[in-house]
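Visitor: heads up, no residue letters with this:
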């Protein structure tokens, strides 16, 4: 058995792992009876990142299904999830600006930012859809939703961003290890807040421009359903 080790001070583990894989490929096919195994922290790191990616994908799928059941509309679910690409873009831009790598901490920060961004988007879309079903045009309803929910969205996002600043600036001994989490949250929320207040209303207006105002519910006890009986409607009044 021959063991090869190296000092990787100043390099991130992901780049080192890729260089090791490339070096093993350049050597060629090992002779018969010879095996090459890469040990250490590379395998656990890749497994963790893979599991986080799968978990994030499943979380987005579950959120989509829950939103579709809540709004009773696939289109509104897609409108809410349109903020997710903005969060991912913000995280990537912030990591590039600060020279931070995509690691477990920054991945967790991206998941946190997506959660807050989706919550803000749900808040805005809910108010806009209620206004549209009340008889307001889709464009006016989108503007009304953004105006009425601007303060809660800004308060939530700014509180999260300010709370993450000390972590992102890496104050204190050993704080550099958790700094990527704070930077990812800040970058993701900055882009998500801008998207929620300026781009999301336009998306809502385009998607719901020709949508009907009747509820698709088949429940006869739902007052908003077209199949609701007179007793349920009277009780609602």
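Guide: Great, that's in hand. These figures come from a predicted structure and were not determined experimentally. Numbering: from 1, shown residues only.

Visitor: in which helix or strand does the residue nearest the centre of the chain reside?
Guide: Centroid-nearest residue in the chain, with Cα atoms, centre = their mean: residue 114, separated by 2.7 Å. Using DSSP states H and E, the element containing residue 114 is helix 104-133.

Visitor: which other helices and strands does that helix contact?
Guide: Secondary-structure packing of helix 104-133 (3 or more Cβ pairs under 8 Å, 6 or more residues apart in numbering; DSSP states H and E): helix 42-71, helix 74-81, helix 83-98, helix 138-148, helix 150-168, helix 179-194, helix 200-207. C-beta here means a position set from N, CA and C on the backbone, and glycine is covered the same way.

Visitor: flag every buried residue along that helix.
Guide: Within helix 104-133, the residues that qualify as buried are 105-114, 116-118, 120-129, 131-133, counting by 16 or more other Cβ atoms under 10 Å.

Visitor: low pLDDT regions in this protein?
Guide: For the chain, applying pLDDT under 70 flags the ranges 174, 212-237.

Visitor: one more time with 80
Guide: Applying pLDDT under 80 to the chain flags residues 6-7, 9-12, 72, 171-176, 210-237.

Visitor: most distant residue from the middle of it?
Guide: What lies farthest from the middle of the chain is residue 32; by Cα atoms, centre = their mean that is 47.4 Å.

Visitor: specify the local secondary structure of that one.
Guide: Here residue 32 is recorded as coil under DSSP: H, G, I helix; E, B strand; the rest coil.

Visitor: what residues are up against residue 169?
Guide: For residue 169, the contacting residues are 179, 182, by Cβ atoms under 8 Å, 6 or more residues apart in numbering.

Visitor: again with the one 10 residues further on
Guide: Residues in contact with residue 179 (Cβ under 8 Å, 6+ apart) are 100, 105, 167-170.

Visitor: how about residue 178?
Guide: 105, 167.

Visitor: try it again at 10 Å.
Guide: 105, 108-109, 167-168, 170, 172 (Cβ atoms under 10 Å, 6 or more residues apart in numbering).

Visitor: what's the answer for residue 76, then?
Guide: Counting by Cβ under 10 Å, 6+ apart, the residues that residue 76 touches are 67-68, 70, 122, 125-126, 128-129, 204, 207-208, 211.
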